[in-house]
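> whatever this is, show me its structure:
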Amino acid sequence: MRSIRIAASLAVLLACAMNAGSWSANAAVGAAQASQPTIASMVDDEVTAVEKQIIDVAEAMPEEKYNFTPESLNISGSDYKGVRTFAGEVKHVAASNYFIWSALTGDKLPEGLKDGNGPESLKSKMEIIRFLKDSFALGHKAAATLSAENMLQLPTGKWTRLHRAEFGISHANNHYGQMIEYLRMNGIVPPASRAKSD
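As a prediction, this is how the structure comes out:
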């Protein structure tokens, strides 16, 4: 009788060990699948990267310099007449983000947004940065809509969903370069370069 109980106990322990091993293997497969990159996660990573760069630069410029343009420097031989102010650059990036990414999300454009210059009502650094941050929140939402199945669809016009998502990122990167120059023209080391210059 005692040997039957021992055998039964061993059978239960063996079954538990096998189930634990099976669960462990299934958990490992699930974890590996969860960590596999997707179109959405890869584009979202790019949105995050450019978002951090641009917000850092927008925050680094003092509010009293938000109306700066290189035209005010009167550099001999330069042609800066009519270029955007620093605030104009920030608002342009944000406005463009809305125009580009709303086609993927279906979101309505913010009140007062008529063109790539952003709403005229936004004047303070705080208001402009809020507008910028909200535009990147839309970028994350747009990235989340992408899949291997839909990335080549044409939501509007001739741009595929993937092209539209990526164009928002490359456009922001282009203006990031201009914003960096505006900082440097004002004697401000860009945040991304500070660790290297310390």
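> okay, now M185: neighbour count?
Look at M185: counted by other CB atoms under 10 Å, it has 16 neighbours. Just so you know, the C-beta spots here come from the backbone N, C-alpha and C atoms, and that holds for glycine as well.
> hang on, I meant I75
11.
> then G116?
By other CB under 10 Å, neighbour count at G116 equals 16.
> how about the contacts made by the residue nearest to it when sequence neighbours are not counted?
Setting aside the residues directly before and after it, G116 is nearest to A95 in space (CB to CB, 6 or more residues apart in numbering), at 5.1 Å. Neighbour list for A95: 113, 115-119, 135 [criterion: CB atoms under 8 Å, 6 or more residues apart in numbering].
> repeat that with 6 Å
A95 sits next to 113, 116, 118 when contact means CB atoms under 6 Å, 6 or more residues apart in numbering.
> quick one: pLDDT of it?
For A95, the model assigns a pLDDT of 97.
> got it, and G82?
Looking at G82, the pLDDT reads 76.
> what secondary structure does it sit in?
Counting by DSSP: H, G, I helix; E, B strand; the rest coil, the backbone at G82 sits in coil.
> wait, K65 sits on G187?
No. Counting by CB atoms under 6 Å, no contact exists between K65 and G187, whose distance comes to 10.0 Å.
> that older thread, let me have the contacts of A95 in a markdown table, extended by pLDDT, secondary structure and distance to G77.
Below are these laid out as a markdown table (pLDDT from 0 to 100; DSSP: H, G, I helix; E, B strand; the rest coil; distance: CB to CB, whole Å):
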| residue | pLDDT | secondary structure | distance to G77 |
| --- | --- | --- | --- |
| L113 | 92 | coil | 36 |
| G116 | 92 | coil | 28 |
| G118 | 93 | coil | 31 |
